[in-house]
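# Next come a sequence and a model predicted from it.
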Amino acid sequence: MAGVRCPPVSGEASVEHRVITTGPGKSEWQFADRGLRFSSRFDGGNMAHVQLNPSGSFDVKVSEDAAAFGISTGYTTWFYFEVERTLKAAKQPQDLHVTLVNLNPQRGLFKNGYTIMHSSDEERWDRLPSPLMKIRLSLSYKFKFARERVRFAFCYPYTYTRVQEELASLDRQFADPKQHSVQSSTSPTPPTKEEISSNVYYHRELLTRSLEGLRQKKMVVISARVHPAETPANFMLNGMLQLLLHPTDESATALRRHFVFKLIPMLNPDAVCQGFYRTDTRGVNLNRVYEDPQPDLAPTVFALKNLLLDLVNDYGGAQSITAQENVVYLDLHAHANRRGCFIFGNNHLPDMRDVSDAMETAIARQVQTQLYARLVGLHTPFFDYMACLFDKESMTKNDLRDNNNATTSRQGSSRVALYRATGLTYVYTIECNYNEGRRNLRTSTVMPSSSSKRSKASTTSIQPDNLRIPRRTAPTSTRLYLKYSPADWRDVGVGALIALLDLFELPGAGQRIQDSSFRSRDGIMKNLLAEIRATTPGEATISVRPTRQKSRLVAKQQSKVK
């Protein structure tokens, strides 16, 4: 039984409104006899078709990525729609049963008890109490009121509209920053709004220079949402922004003093609005075109790459030691298969084992690359260093499904292509699983907040709690593995930035290193060096994969087919 599909509202509308409300995944269906209305005509919505079954349940179809472009991408993972109960005389309560008939299986999620999100006000989102049923993924919900509206989504939504509203709020807060310092980060007096603004240099232009001069500070470029459904990336970036703009937190103050941050919150906004999972509006995976992005086909990727190249040139150019020591690039993502929050890093080691000075230099760079990941793991309990990957295979692996089934390689990803174009050491993808981590909550221990103790180089006493950014701790639970929430992803973002202070031996990071089993930064580096030197000599392709006992190098014979 088919419902009545409602036509789009006619009349004048902005381009943004049309992108948000029209397209193959934007639809509205009325079931008058049931008193129910289904709709996906909003930012990020995706629901192509709804049908009522004789049993009283509903079948929902999701639109493929880029369906309007005339190709079949096969991506039907992201969904986001609302159901409104409109019949005043309807009995209370009423059960709603929905089957998502063409959803991608995503076995890496659903076999581990992944549950979708629901909300009645678009602000407070919760996981449904039970996982989706297997085979044909089905969900159930009980309406409690005669008039009620609920939204369902694949993951916690983070829309283009929300990003714009948050940036507009920051514009208002920091509209007229004063260029003088204010109270110290340890002052017990809460800062005024004017003092907050004067302690932070915030500007919406990507190419802005720092007030104190670009060359006096290190540069960090951060991007997110090249894959439109990866909303955990925006929650990570949100945590980073909260830290960077905190007026009194010791780590925040140190980060602003020593770094300039360029943040790009949404690289693929059209696809986010349309409710896509992985591609842009042409059906292209933008994270495979960084080698040679075209300004007319991939304008955001083209702009990002040229921005990074320009910044590297300001520090001496590609392959320069100065650039390697002063420029960091972080690309924020979400992952459906690999559990945990982790990093994909590059491998600097040559294919052939030798004892030359070049090999020693490469090993030293590899230590520095993995050092950052180790430090992030010390600064947030939700990051899993053992899940990180630094092997060569992950830099060249082919993806057959992307870009209309054309063979594409991870050489075109931001992490690999920008590393090869710039020669930078610190180029990473930070990934957060949509669902859960690998850490056993029954045995894990949690350290105090990074900012809660005085760092070795700090001359101040321990900060009062009201002057520090609030931090998350992993809960004690009877559940074996932690189910992630936006607050956990935000904490990963906070930890990823505080780790930069320890990476470059700057004050303000707290005592996480001293309180760890490594005791010192040198202790971590010696541990990493031993891991990297543990490779088997001979003609081998070297890959770096942390294991539970310790990180180790796995030698893969060149004759092995990749």
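Now that the structure is in, tell me what you want to look at.
# which residue sits closest to residue 378 in space, ignoring its chain neighbours?
Among residues not flanking residue 378 along the chain, residue 512 sits closest, at 4.2 Å (CB to CB, 6 or more residues apart in numbering). C-beta: built from backbone N, CA, C; applies to glycine.
# In this structure the one you found contacts residue 376, no?
No. Judged on CB atoms under 8 Å, residue 512 makes no contact with residue 376 at a distance of 10.3 Å.
# Looking at the two, which is more packed in?
Taking neighbours as other CB atoms under 10 Å, residue 512 and residue 376 compare with residue 376 leading, 28 against 25.
# Does residue 499 touch residue 375 like I think?
Yes. Shown here, residue 499 and residue 375 form a contact pair, counting by CB under 8 Å, at 3.9 Å.
# if I look at the residue nearest to residue 378, how far off is residue 259?
Distance of residue 512 to residue 259, given as CB to CB, to the nearest Å: 19 Å.
# I'd like the domain boundaries of this structure, if you could list them.
The chain breaks down into these domains under automatic domain parsing: 4-153, 182-191+212-528.
# Surely residue 365 touches residue 425?
Yes. Using CB under 8 Å, residue 365 makes contact with residue 425 at a distance of 5.5 Å.
# between the two, what contacts are shared?
Residues touching both residue 365 and residue 425 by CB atoms under 8 Å, 6 or more residues apart in numbering: 324, 348.
# Looking at those two, which is more packed in?
residue 425 (22 against 17).
# what's the nearest residue to that one if we skip its chain neighbours?
That would be residue 324: by CB to CB, 6+ apart, it lies 4.7 Å from residue 425.
# now the host helix or strand of that neighbour, how far from the centre of its chain.
Taking DSSP states H and E as the criterion, residue 324 maps to helix 321-326. The chain centre lies 25 Å from the centre of helix 321-326; the measure is CA atoms, centre = their mean, to the nearest Å.
# ok, now stretch 492-508?
Stretch 492-508 sits 18 Å away from the centroid of its parent chain (CA atoms, centre = their mean).
# pLDDT averaged over that stretch - what is it?
For stretch 492-508, the mean per-residue pLDDT is 98.
# Same check on stretch 263-274?
97.
# Same check on stretch 436-449?
Here the average pLDDT along stretch 436-449 is 55.
# what does stretch 289-297 give?
On average, stretch 289-297 scores 96.
# so how far is that stretch off the chain centroid?
How far stretch 289-297 lies from its chain's middle: 22 Å, per CA atoms, centre = their mean.
# go on, stretch 318-337?
On CA atoms, centre = their mean, the centre of stretch 318-337 falls 14 Å from that of its chain.
# With only the CA atoms kept, save that stretch in CSV.
Taking C-alpha atoms only, stretch 318-337 is exported to CSV below (Å, rounded to 0.1, in the frame of the first residue of the first chain):
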residue,chain,number,x,y,z
ALA,A,318,58.3,21.2,0.2
GLN,A,319,60.8,18.7,1.7
SER,A,320,62.4,21.5,3.9
ILE,A,321,63.4,20.7,7.4
THR,A,322,61.8,23.9,8.6
ALA,A,323,58.4,22.9,7.1
GLN,A,324,58.7,19.4,8.5
GLU,A,325,59.2,20.8,12.0
ASN,A,326,56.5,23.4,11.9
VAL,A,327,53.5,22.3,9.8
VAL,A,328,50.9,19.7,10.8
TYR,A,329,47.9,18.4,8.8
LEU,A,330,45.0,16.5,10.4
ASP,A,331,42.1,15.1,8.4
LEU,A,332,39.2,14.0,10.5
HIS,A,333,37.1,11.0,9.5
ALA,A,334,34.8,8.2,10.9
HIS,A,335,35.2,4.5,10.3
ALA,A,336,32.5,1.8,10.0
ASN,A,337,34.7,-1.4,10.1
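# In that stretch, which residues are buried?
The neighbour-count check on stretch 318-337 (16 or more other CB atoms under 10 Å) flags 320, 323-324, 326-336 as buried.
# A strand includes residue 81, no?
Yes. Membership of residue 81 in a strand is supported by DSSP: H, G, I helix; E, B strand; the rest coil.
# Please work out how many residues are found near it.
Neighbourhood size, residue 81 [other CB under 10 Å]: 27.
# can you pull the pLDDT of the residue lying closest to it once chain neighbours are set aside?
Leaving aside its chain neighbours, residue 81 sits nearest to residue 47 (3.8 Å; criterion: CB to CB, 6+ apart). Note on residue 47: pLDDT of 98.
# Spit out the contact partners of residue 47.
With CB under 8 Å, 6+ apart, residue 47 has these contacts: 25, 27, 38-40, 60-63, 79-81.
# 6 Å instead, please
Taking CB atoms under 6 Å, 6 or more residues apart in numbering, we find residue 47 in contact with 27, 40, 60, 81.
# That one and residue 158, how far apart?
To residue 158, residue 47 is 18 Å away according to CB to CB.
# same check, this time on residue 506
With distances taken as CB to CB, residue 506 is found 31 Å from residue 158.
# same thing with residue 493?
The span separating residue 493 from residue 158 equals 13 Å under the rule CB to CB.
# what's the answer for residue 283, then?
Distance from residue 283 to residue 158, by CB to CB: 22 Å.
# And for residue 387?
23 Å.
# swap in residue 106?
Applying CB to CB to residue 106 and residue 158 gives a distance of 19 Å.
# Please, where are all the strands along the stretch 301-450 of the chain?
Remark: strands assigned in the stretch 301-450 of the chain by DSSP state E, counting those that start in this stretch are 327-335, 341-345, 398-399, 408-409, 426-433, 436-440.
# Helix or strand: which one has the residue nearest to the spatial centre of the chain?
The residue lying closest to the centre of the chain (CA atoms, centre = their mean) is residue 233, at 1.9 Å. Remark: residue 233 resides in helix 231-244, with elements defined by DSSP H and E.
# what are the ranges of the helices in the stretch 401-550 of the chain?
Taking DSSP state H, counting those that start in this stretch, the helices of the stretch 401-550 of the chain run over residues 402-405, 414-422, 486-503, 512-515, 521-533.
# Return the most buried member of those helices.
helix 486-503 (a mean of 25; mean count of other CB atoms under 10 Å).
# between residue 387 and residue 158, which one's more packed in?
For the pair residue 387 and residue 158, the greater number of neighbours falls to residue 158 (26 against 22), based on other CB under 10 Å.
# can you list the weak-confidence ranges in the stretch 1-150 of the chain?
Residues of the stretch 1-150 of the chain that meet the criterion pLDDT under 70 lie in 1-4, 6-13, 15, 88-92, 131-136.
# Do a quick rundown of the helices in it.
Here the stretch 1-150 of the chain has its helices, by DSSP H, counting those that start in this stretch, at 15-21, 107-110.
# Can I get the longest one in PDB? Just the C-alpha atoms.
Okay, so that is helix 15-21. Provided in PDB are the C-alpha atoms of helix 15-21 (Å, rounded to 0.1, in the frame of the first residue of the first chain):
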ATOM      1  CA  VAL A  15      20.000  27.900  -3.700                       C
ATOM      2  CA  GLU A  16      20.800  26.600  -0.200                       C
ATOM      3  CA  HIS A  17      17.200  25.900   0.500                       C
ATOM      4  CA  ARG A  18      16.800  24.000  -2.800                       C
ATOM      5  CA  VAL A  19      19.900  21.900  -2.100                       C
ATOM      6  CA  ILE A  20      18.600  21.100   1.400                       C
ATOM      7  CA  THR A  21      15.000  20.200   0.400                       C
END
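# buried sites along it?
By 16+ other CB under 10 Å, the buried positions in helix 15-21 come out as 19-21.
# still on that earlier bit, you'd agree the residue nearest to residue 378 is up against residue 377?
No. With contact defined as CB atoms under 6 Å, residue 512 and residue 377 do not form a contacting pair (9.4 Å).
# Verify the stated contact: residue 434 with residue 154.
No. The criterion here is CB under 6 Å, and residue 434 misses it with residue 154 at 8.0 Å.
# got a list of contacts for the longest helix anywhere in the chain?
When the chain is parsed with DSSP state H, its longest helix is helix 357-379. For helix 357-379, contacts defined as CB under 6 Å, 6+ apart pick out 343, 345, 348-349, 383, 385, 388, 425, 450, 495-496, 498-499, 502-503, 512, 516, 524-525, 528-529, 532.
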